[in-house]
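# how does the following fold in three dimensions:
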Amino acid sequence: MKRILYYVILILIGGNGMMMAQNGLIHGRVTDMENNPVDGVAVVLQTLDSVYVDAVVTDSLGSFNLDHAAEQTYRLLFQHLLYEPFQLEISGEDAGTVQLTSKNYELDGVVVKAERPQVKVENGALKYDVPQ
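Okay, here's the model as predicted:
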């Protein structure tokens with residue numbers, strides 16, 4: 001019985017230490033303009049002189065956790081195909097909620113141009129279109 005109690009206390013202390021270690025990591029959330037979470041956003045952590053440090057992808061809730069402590073001021077780059085790229089400078093571990101604006105992929109119009117062939121092959125013979 002003492003052994004089981006000893007293991008339970010050891011697991012609780014170890015779990016508490018892991019939770020405390022995660023508190024100093026950089027984290028945040030990414031949403032669109034309607035506050036809906038954005039899944040699959042590449043979040044890149046750089047120093048202010050653009051040296052790569054770490055990168056992650058947001059989960060289905062739009063949350064990200066970088067396995068790096070906030071020791072200095074960093075730059076976060078947010079990139080997604082459907083949204084405009086965004087930059088944010090942070091000096092603490094909480095990046096907060098970042099709202100991305102969507103890109104406009106609307107086309108002005110489509111024009112289809114075609115020409116009729118001047119020569120056709122029918123039954124092994126060349127047929128010319130004389131009016132053209």
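
# where does this structure have low pLDDT?
Flagging of the chain using pLDDT under 70 yields the residue ranges 1-2, 5-8, 10, 12, 14-24, 131-132.

# can you pull out the strands in it?
Assigned by DSSP state E, the strands in the chain fall at 25-31, 42-47, 52-57, 63-69, 74-80, 83-90, 94-99, 119-122, 125-128.

# let's have those strands in TSV, adding distance to residue 112 and mean neighbour count.
Any C-beta I mention is one placed from the backbone N, CA and C, and that applies to glycine too. As requested, those are arranged in TSV below (distance: least, CB to CB, whole Å; neighbours: other CB atoms under 10 Å):
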stretch	distance to residue 112	mean neighbour count
strand 25-31	39	19
strand 42-47	37	18
strand 52-57	39	13
strand 63-69	44	16
strand 74-80	32	19
strand 83-90	31	14
strand 94-99	39	15
strand 119-122	21	9
strand 125-128	25	9
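
# do you know which of these lies nearest residue 109?
strand 83-90 (23.7 Å; CB to CB).

# list the contacts of the closest one.
When contacts are defined by CB atoms under 8 Å, 6 or more residues apart in numbering, strand 83-90 is touched by residues 26, 32, 38, 41, 48, 70, 73-79, 95, 98, 100-103.

# rerun at 6 Å
By CB atoms under 6 Å, 6 or more residues apart in numbering, the surrounding residues in contact with strand 83-90 are 74, 75, 76, 77, 78, 79, 100, 101, 102, 103.

# just stretch 121-129 next, same as before
Taking CB under 6 Å, 6+ apart as the rule, stretch 121-129 contacts 118, 119, 120.

# what sits opposite the last one in the beta ladder?
I take that to be residue 120. Judged by DSSP bridges, the bridge partners of residue 120 are residue 127.
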